[in-house]
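J.: Would you be able to build a 3D model of this:
(one chain, ligands or ions: 1)
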Amino acid sequence: MAVLPASASATGPFHALPASAVAERLAVDPGRGLSDSEAETRLRRFGENVVREPPGPGPLRRLLAQFHDPLIHVLLLAGVVTWVFGGHVDAAVIAGVVLLNAVVGFVQESRAQRALDALSAMVPVEATAVRDGVPRRIPAARLVPGDVVELAAGDRVPADVRLVAVNRAEIDESALTGESVPVVKSAGPVAADAPVADRTGSAYSGTLVTRGRARGLVTATGGATQLGGIQHLVATAGAVATPLTRKLARFSRQLSVVIVAVSAAAFVLGVVRGTPAPEMFTAVVALAVGAIPEGLPAAVAIVLAIGVVRMSRRGAIVRHLPAVETLGGTTVICTDKTGTLTRNRMTVTTLAAGGVLLTPAEAGSALRECLVAGVLCNDAELEEGDPTEIALLGAAIAAGLDPAAIRAAAPRTDTVPFESETRTMTTVHKGITYVKGAVEEVVARCTDELLPGGGIRALDRKALARVHDTLTGRGLRVLAFARITPGTTPALLGLQAMHDPPRPEAVAAVAACRSAGIDVKMITGDHAGTARAVAGEVGLASGRVLTGAELAALPEEEFDAAVAGTQVFARVSPGQKLDLVRALQRRGHVVAMTGDGVNDAPALRRADIGVAMGSGGTDAARQAADMILTDDDFASIEAAVRVGRGVFDNLRKFIAWTLPANIGEGMVVLVAILLGATLPIVPVQILWINMTTAVFLGLTMAFEPTEHGIMRRPPRPPERPLFTGSLLRRVVLVSLLLVVAAFAAYRLQLAWGASVAEARTTAINVFVGVQAAYLVSCRVPDRPVLRAWPGHSRMFVLGLGLTAGLQLLLTYVPVLNTGFHTAPVGVSSWLWVLGAAVAAFAVVETDKLLWHRLGTAARRRVRASPSA
Ligand SMILES: Nc1ncnc2c1ncn2[C@@H]1O[C@H](COP(=O)(O)OP(=O)(O)OP(=O)(O)O)[C@@H](O)[C@H]1O
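T.: Next comes the predicted model:
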């Protein structure tokens, strides 16, 4: 036996050697594959078939990155200036607050990142390897040089492979060569100096099989492969830019510019009026820091990351972060039938031939050849393979036949694999060709039909159509079988009809989607009759069924309306799925589309949310999708939409809270400067308020539970802006409330004999109290919160508790008194805080109530006069 080369290098001449020589060099029998023990030995020697990603920046680097922000720089500069002019305590406080902010930001970001990273482990990457003569699904990471792998349409090539047997295989190598036209493969050697794109006898890690099948020998794994190994199927990690985050980042930047300009103007004004420059400098820095919503982009990223984690718990793995926010706005879900609405566990219940229906047991002798064709024209093993084909093996066994003996007696000499376009599969055994597939396709090729118990007659197409209608009307999936023997006319061997029970949870999920105003459409490759019956079982409106042929015949101007008005589509080809997505998008829909096959990739990419199957689908579909369902279940899509809506709600809540709070903070300083009055709250205090409330109050909005009835309201219109008129109104209202409350508390306390430190302490507590009261209101931004109380949230209670605790510390702990110029206060001061908070809450709630009433009245008027 040849000695395995020390390093399995892909750049070696494997592509230039004949397959047999490659097998010899890799010391493997291409028919049997490696033994388990040999594979173990090689695994130890060559390592796992994965590429370790270069480690990201370490904790220290990530902590330092928190300081890499223009605002923090300004703040640090202010600290230095304060220090230089003798304000040592103030400078230390500024430094402390900046540090606290960085640590909290660091911890939150690390948690979110860890959660996202963990997702990639949830979608297993597998490959089919032949070990000890048996094809087996194993983790792709365990492949070793010399392994024999089987590739089929839809698979991602798991390592670099020299092909030894090829059956019409084509591979999309665009990931490697940039060339998007699939390459037709063969098993022959090519010139040693052939570029990668011309090595037709090899397949490379990370490329996608688009057609046919092939068997190959692994020549390089992990880091030694051309592409550098297996890319993760889940690409979420690190990518946190979404349309929304970008919009928000831009908004924050614009707002910052305005605030810096206002601060500069205030600075000049203050200095002209005679305030010392260093004092003024710290004051305007406080203004800027208070007013700029610097936490916004980070908070949004955290809200989205929490959404991703919540979705993963419900069986939906998000590959691209923007999907989280898009999902919430979904208006149409186009779903497969098999596996998504049904269990994809099929059992043949009925066989038919010559107008007679039989059970598999009865068919054992009467329709033997139909059952035999089902075993031979079949790639499944008993436990593994396509559920349709496993069901056919099950039928043969139920009829008393032995699939292994049948296969041994008639070895296969040629195969045309199943494809959704042709809807048939063909195999050749001892000169006899068996075809199985969709009834229309198979019957079109037949002239005769076999009768139960023997005998043959000219095909009675009408009788056959009646039987077919009966079977599909019961929701059964029907396959036809034909035999083509040289010298005789092609004969129909019979039909096998299988039952695939609907998923009970899908029925509830379809109902939930419909009450949420989301249109659910079933798009299937199966027959119209079967599709209609199954649609009825899961609660879809199944009145009209459009078939692929009918779609193709529709005049262009009627296409979009017909698609929008139909719930069930049957005998649809993957190419037509793309047309359906486009038509729905032209009508303004946000479309989620499921797919599992290699040809579904374009439709998945085009859809607003492409959804692939984690257990049943192909790697190609997963690669193109935005979201992967770990359990293939329709109910998981519904759950993901529910979470998506919740995420969007929480973003709105966070923004509705943070903007008015921030701008109010800035306004207090600005108003004092403009009035030439003493500040009711000094800069270090503003810093305290801003940092503690942003972290302990604002961030709790990210953890809000989804509101009751979230799936009973219509989808958010795609064009709805984030910054609505009502948000602007709220900004003005709450900012004014904060300014009035802070000034009133400060001035009245002074008037009643309090010291400046005591008056300021009261003002700070009032300020935080009003922000906390406003946070309660923000739990339901548009409706009176007490009427639509969203229920318990641990984070919310914790946030309020921590904030209250911190304010007590600030008020009563001597070190903090010194650092932040505060002083202990009496009960009357706290009554002020309570009164201000209740008053602010009442004002905001009254405002919401009035606008809610106005809105309801306007909607009623529109409903009363629909022409308006
Ligand atoms: N392995 C197979 N061999 C031969 N014909 C098949 C096979 N699987 C399915 N068919 C035929 O092709 C038709 C279309 O199958 P396809 O897999 O494209 O869609 P489907 O699984 O029925 O529906 P969905 O798109 O909802 O998953 C089936 O109705 C059946 O008649």
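J.: Break the chain into its domains for me.
T.: According to automatic domain parsing, the chain comprises the domains 13-53+123-224, 240-306+646-863, 316-341+501-632, 347-499.
J.: Tell me which of those lies nearest to Arg62.
T.: Each of the domains of the chain has some distance to Arg62 by C-beta to C-beta; the shortest is domain 240-306+646-863, at 12.8 Å. From N, CA and C alone the C-beta is placed, and that goes for glycine too.
J.: My read is that Ala19 contacts Val28, right?
T.: No: taking contacts as C-beta atoms under 8 Å, Ala19 lies outside contact range of Val28: 11.3 Å.
J.: Quickly list what's touching both of those two.
T.: Leu217 (C-beta atoms under 8 Å, 6 or more residues apart in numbering).
J.: Neighbour count for the two, which is higher?
T.: The neighbour comparison of Ala19 against Val28 (other C-beta atoms under 10 Å) goes to Val28, with 27 against 21.
J.: Apart from its chain neighbours, what residue comes closest to the more buried one?
T.: Counting by C-beta to C-beta, 6 or more residues apart in numbering, Val28 lies nearest to Gly146, which is 4.4 Å off, once chain neighbours are set aside.
J.: in what helix or strand does the one you found lie?
T.: Gly146 belongs to no helix or strand when elements are defined using DSSP states H and E.
J.: And it, how close does it get to Gly222?
T.: As judged by C-beta to C-beta, to the nearest Å, Gly146 and Gly222 stand 14 Å apart.
J.: I figured the residue nearest to Val28 hits Pro30, correct?
T.: No: applying C-beta under 8 Å, one finds Gly146 not in contact with Pro30, separated by 10.1 Å.
J.: Could you check which of these two has the larger neighbour count?
T.: Neighbours per residue (other C-beta under 10 Å) separate Gly146 from Pro30, with Gly146 holding more: 24 against 18.
J.: Tell me which of the domains of the chain lies nearest to Ile72.
T.: Of all the domains of the chain, it is domain 240-306+646-863 that lies closest to Ile72, at 8.3 Å by C-beta to C-beta.
J.: Report the mean per-residue pLDDT for the closest one.
T.: Model confidence over domain 240-306+646-863, given as mean pLDDT, is 84.
J.: Is the residue of the chain at minimum distance from the ligand in a helix, a strand, or coil?
T.: In the chain, the residue that lies nearest the ligand is Gly525 (2.6 Å; C-beta to the nearest ligand atom). Secondary structure, DSSP: H, G, I helix; E, B strand; the rest coil: Gly525 is coil.
J.: Which positions in the stretch 451-600 of the chain make contact with the ligand?
T.: Within the stretch 451-600 of the chain, the positions near the ligand by C-beta under 6 Å from any ligand atom are 477, 479, 524-527.
J.: Report the two of the residues you listed separated the most.
T.: Using C-beta to C-beta, these span at most 14.6 Å, a distance reached by Leu479 and Thr524.
J.: Which parts of the stretch 101-250 of the chain are helices?
T.: Applying DSSP state H, counting those that start in this stretch to the stretch 101-250 of the chain gives helices spanning 174-177, 243-272.
J.: right, and the helix or strand after the last one?
T.: Pointing back at helix 243-272 there. Downstream of helix 243-272, the first helix or strand assigned by DSSP H and E is helix 277-291.
J.: So which other helices or strands are in contact with that next one?
T.: helix 70-84, helix 243-272, helix 634-675, helix 683-696 (3 or more C-beta pairs under 8 Å, 6 or more residues apart in numbering; DSSP states H and E).
J.: distance between the ends of stretch 380-395?
T.: With C-alpha to C-alpha, to the nearest Å as the measure, stretch 380-395 spans 13 Å from end to end.
J.: for it, which positions count as buried?
T.: Neighbour-count burial for stretch 380-395, counted by 16 or more other C-beta atoms under 10 Å, picks out 380, 386-395.
J.: got the residues of this structure near the ligand?
T.: 336-338, 386, 388-389, 418, 420, 423-425, 436-438, 477, 479, 524-527.
J.: hmm, back to that, I'd like the helices and strands packed on helix 277-291 as a markdown table, with mean neighbour count appended.
T.: Shown next, in a markdown table, are the helices and strands packed on helix 277-291 (neighbours: other C-beta atoms under 10 Å):
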| stretch | mean neighbour count |
| --- | --- |
| helix 70-84 | 17 |
| helix 243-272 | 16 |
| helix 634-675 | 24 |
| helix 683-696 | 24 |
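J.: got CSV for these, with distance to Ser174 too?
T.: Formatted as CSV, these follow (distance: least, C-beta to C-beta, whole Å):
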stretch, distance to Ser174
helix 70-84, 40
helix 243-272, 26
helix 634-675, 29
helix 683-696, 45
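J.: With respect to Thr822, which of the ones you listed lies nearest?
T.: Of those, nearest to Thr822 by C-beta to C-beta is helix 683-696, at 7.5 Å.
J.: which of the domains of the chain is buried the deepest?
T.: Each of those was scored by mean neighbour count; the highest is domain 316-341+501-632, a mean of 21, by mean count of other C-beta atoms under 10 Å.
J.: mind checking the SS state of the spatially most distant residue from the centre of the chain?
T.: Distance from the C-alpha centroid of the chain peaks at Gly753, with 60.2 Å (C-alpha atoms, centre = their mean). Three-state assignment for Gly753 (three-state DSSP): coil.
J.: picking up where we left off before, can the buried residues of stretch 380-395 go into JSON lines with extra columns for secondary structure and pLDDT?
T.: Output for those, formatted as JSON lines (DSSP: H, G, I helix; E, B strand; the rest coil; pLDDT from 0 to 100):
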{"residue": "Ala380", "secondary structure": "coil", "pLDDT": "88"}
{"residue": "Asp386", "secondary structure": "coil", "pLDDT": "88"}
{"residue": "Pro387", "secondary structure": "helix", "pLDDT": "90"}
{"residue": "Thr388", "secondary structure": "helix", "pLDDT": "94"}
{"residue": "Glu389", "secondary structure": "helix", "pLDDT": "95"}
{"residue": "Ile390", "secondary structure": "helix", "pLDDT": "94"}
{"residue": "Ala391", "secondary structure": "helix", "pLDDT": "96"}
{"residue": "Leu392", "secondary structure": "helix", "pLDDT": "96"}
{"residue": "Leu393", "secondary structure": "helix", "pLDDT": "95"}
{"residue": "Gly394", "secondary structure": "helix", "pLDDT": "94"}
{"residue": "Ala395", "secondary structure": "helix", "pLDDT": "95"}
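J.: Now do the strands in the stretch 101-250 of the chain.
T.: If DSSP state E, counting those that start in this stretch is used as the criterion, the strands of the stretch 101-250 of the chain fall at 126-131, 134-139, 148-152, 160-172, 183-184, 202-203, 208-220.
J.: To Ile710, which of those strands lies closest?
T.: Each of these has some distance to Ile710 by C-beta to C-beta; the shortest is strand 126-131, at 35.9 Å.
J.: pLDDT on the closest one, on average?
T.: In this model, strand 126-131 has an average pLDDT of 90.
J.: Now do it against strand 160-172: the angle between them, please.
T.: 130 degrees (axes from the mean of the first three to the mean of the last three C-alpha atoms, to 10 degrees).
J.: Give me the contact list for strand 126-131.
T.: Contacts for strand 126-131 (C-beta under 8 Å, 6+ apart): 32-36, 39, 135-140, 143, 147-152, 155, 158-159, 215.
J.: change it to 7 Å
T.: 32-36, 39, 135-140, 143, 147-150, 158 (C-beta atoms under 7 Å, 6 or more residues apart in numbering).
J.: Same check on stretch 194-205?
T.: By C-beta under 7 Å, 6+ apart, stretch 194-205 touches 14-15, 151, 157-163, 171, 173, 176-177, 179, 183-190, 214, 216, 225-227, 229-230.
J.: for stretch 349-362, same thing?
T.: Contact with stretch 349-362 is made by 348, 363, 366-367, 370, 395, 398-399, 449-452, 463, 467, 471, 476, 494-499, as judged by C-beta under 7 Å, 6+ apart.
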